[in-house]
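**Q** what's the 3D shape of this:
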Amino acid sequence: MRSCDQLFREEILRAHGASPFGSIILMRPVPILLAAWIAILLSVALCLFLILGKYTPKVRVTGQIVPVGGAIRAVAPQFGRIVTAHVHEGAAVTIGQVIYELSSERNTENRNIDTRINAALVEKQKLLDQEQLMQVAQLTRLEQALGERRRLSQAGLTRFDQEILLQQNRVANITKVLARYRSLREEGFVSELQLIQYESEQGEQLGRLQTLERAKLDALRDLRQIDADTEQLRSQIVIGNLQARRARSDLEHEVAEQSARARIQVLAPATGRITALSAVMGESVGAGAVLATVIPADCVLEAHLMAPSRAIGFVSTGQSVRLRVAAFPYQKFGQIHGTVGNVELSPSSSGALSQVTEPMYRITVQLARQSVDGLGRQHQFKAGMAVEADMRQEPRRLINWLFDPILSAAKDYAS
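**A** Below you'll find the predicted structure:
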């Protein structure tokens, strides 16, 4: 029969005995109550942050710096080949100054077309001069002939006046003699035949006087006709001179047009500084091709930003903007302050944006300064510099930003 000590195994007895390493004690680093309060406070703080905190999303837009009113482009008036360049990049120009000269000479297999046209115009000029000389000579001869006719007619009128005066004297004398013979015939001193002879002589003299007066009237009529023909001839001379001047003016216009087609000048559209020269010597350019851009003198620069339709809804005039100029890293030169001056109401239709599927709106930003300070001097902005900016959108509370997608999804599911 086993003893009482043998009722338990030796391992159990050793476990209830004294351990050489001492007893096990469980440690609590933080009181449970304090930890609970800290968790509650953090939860309250998080709720307050979600309720009171706000978040303003931003959309990055890009653009460039342009002169106020836009740069002025110099374009080719017609097709031609560049033969002379009178300016270089950055040169100062005045309005009307020649920038380029173009040549539009045309050639065929046998001969230069413009040379043939010029020769034809020269020949036309010679023919026009000859025609004018012949016309002047003809009109001069006619004028001389009318002048001679007038001189002869005037001389004939003078002779008629003299003959009429003499004939009037003869009529007056024969009338006196006839009156004397009538008195003598009543007294019986002369015969009836003699009286008849003197009466016949009086009628004959009166007929001659009337004939002279009619001839004088015809001569006066001829003189008036000569004067009218002379006046008409003078009018023809004036009209001929005007027609010759008009023909010469038309010819000069054709010559000028031909010269303009052969040598075309591209002029500066404004006073300023030349930039963006896009043509080289010998290059052929089409009508309307942009050859250079003129930045007006003393112009103020502004930024034109292109914003997509999804970012334009909360952009308004007067909104503050911070711009970053690509040519001047903002980490070193800082950002440029600006103010939105205008927001276009319709999408831009410029050719540069025609390939963009999303409508783009132009935002005009007025710059607070026209240069940046760096490396001990001022660096002026230049037209065409690329810029970017972050446009602020609708400010939203964090709790709305967190739960609005969930609520929206719930409404969509309910509908």
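**Q** when you work out contacts or count neighbours from here on, use the C-alpha atoms and nothing else.
**A** OK.
**Q** what lines up beside the longest strand anywhere in the chain in the sheet?
**A** When the chain is parsed with DSSP state E, its longest strand is strand 58-67. Paired neighbours of strand 58-67 in the sheet (DSSP bridges): strand 301-308 (antiparallel), strand 386-392 (antiparallel).
**Q** check which element follows it along the chain.
**A** The element immediately downstream of strand 58-67 (helix or strand, assigned by DSSP states H and E) is strand 72-75.
**Q** contacting residues around that next one?
**A** Strand 72-75 is touched from outside by 266-270, 287-296, with contacts defined as CA atoms under 8 Å, 6 or more residues apart in numbering.
**Q** which of these lies closest to residue 44?
**A** residue 295 (60.3 Å; CA to CA).
**Q** before we move on, back to that, quick check: the farthest pair among the contacts of strand 72-75?
**A** Farthest pair in the contacts of strand 72-75, by CA to CA: 287 and 296, 23.7 Å.
**Q** and these two? Which one has more around it.
**A** Neighbour count, other CA atoms under 10 Å: between residue 287 and residue 296, residue 296 has more, with 23 against 11.
**Q** list the helices and strands the host helix or strand of residue 138 packs on?
**A** Secondary structure assignment for residue 138, by DSSP H and E: helix 113-187. Contacts defined by 3 or more CA pairs under 8 Å, 6 or more residues apart in numbering; DSSP states H and E place helix 113-187 against helix 192-262.
**Q** quick one: residue 414 from residue 400, how far?
**A** Separation of residue 414 from residue 400 (CA to CA, to the nearest Å): 20 Å.
**Q** comparing those two, which residue is more hemmed in?
**A** It is residue 400, of residue 414 and residue 400, that has more neighbours when counted by other CA under 10 Å, with 15 against 7.
**Q** give me the mean pLDDT for the helix or strand where the more buried one lies.
**A** In the assignment (DSSP H and E), residue 400 maps to helix 398-414. The average pLDDT for helix 398-414 rounds to 71.
**Q** can you check stretch 172-189 too?
**A** 78.
**Q** now do it: distance to the chain's middle.
**A** 102 Å (CA atoms, centre = their mean, to the nearest Å).
**Q** not counting its neighbours along the chain, what's nearest residue 361?
**A** Spatial nearest neighbour of residue 361, excluding adjacent residues (CA to CA, 6 or more residues apart in numbering): residue 347 at 4.7 Å.
**Q** do you know how far residue 132 is from residue 245?
**A** 10 Å.
**Q** typo on my end, it should be residue 192
**A** Counting by CA to CA, the gap from residue 192 to residue 245 is 79 Å.
**Q** can you check residue 100 too?
**A** To residue 245, residue 100 is 34 Å away according to CA to CA.
**Q** who has more neighbours, the two?
**A** residue 100 (24 against 13).
**Q** tell me if the more buried one really is in a strand.
**A** Yes - judged by DSSP: H, G, I helix; E, B strand; the rest coil, residue 100 forms part of a strand.
**Q** how about it, what does it touch?
**A** 82-87, 265-267.
**Q** count of neighbours near the closest residue to it other than its chain neighbours?
**A** Take residue 100 and drop its neighbours on the chain: the residue closest to it by CA to CA, 6+ apart is residue 85, 4.7 Å away. Taking other CA under 10 Å as the criterion, the count of residues near residue 85 is 16.
**Q** ditto for the one 5 residues further on
**A** Neighbourhood size, residue 90 [other CA under 10 Å]: 14.
**Q** repeat that for residue 52.
**A** Count around residue 52 with other CA under 10 Å applied: 11.
**Q** next one: residue 362
**A** Around residue 362 there are 21 residues (other CA under 10 Å).
**Q** now swap in residue 335 and tell me
**A** Residue 335: 17 neighbours (other CA under 10 Å).
**Q** in contact with it, which residues are there?
**A** Contacts of residue 335 by CA under 8 Å, 6+ apart are 322-325.
**Q** let's see that with 7 Å instead.
**A** 322-324 (CA atoms under 7 Å, 6 or more residues apart in numbering).
**Q** want to throw those residues into a markdown table with pLDDT, secondary structure and distance to residue 307?
**A** A markdown table is the format used below for the contacts of residue 335 (pLDDT from 0 to 100; DSSP: H, G, I helix; E, B strand; the rest coil; distance: CA to CA, whole Å):
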| residue | pLDDT | secondary structure | distance to residue 307 |
| --- | --- | --- | --- |
| 322 | 90 | strand | 15 |
| 323 | 92 | strand | 14 |
| 324 | 91 | strand | 15 |
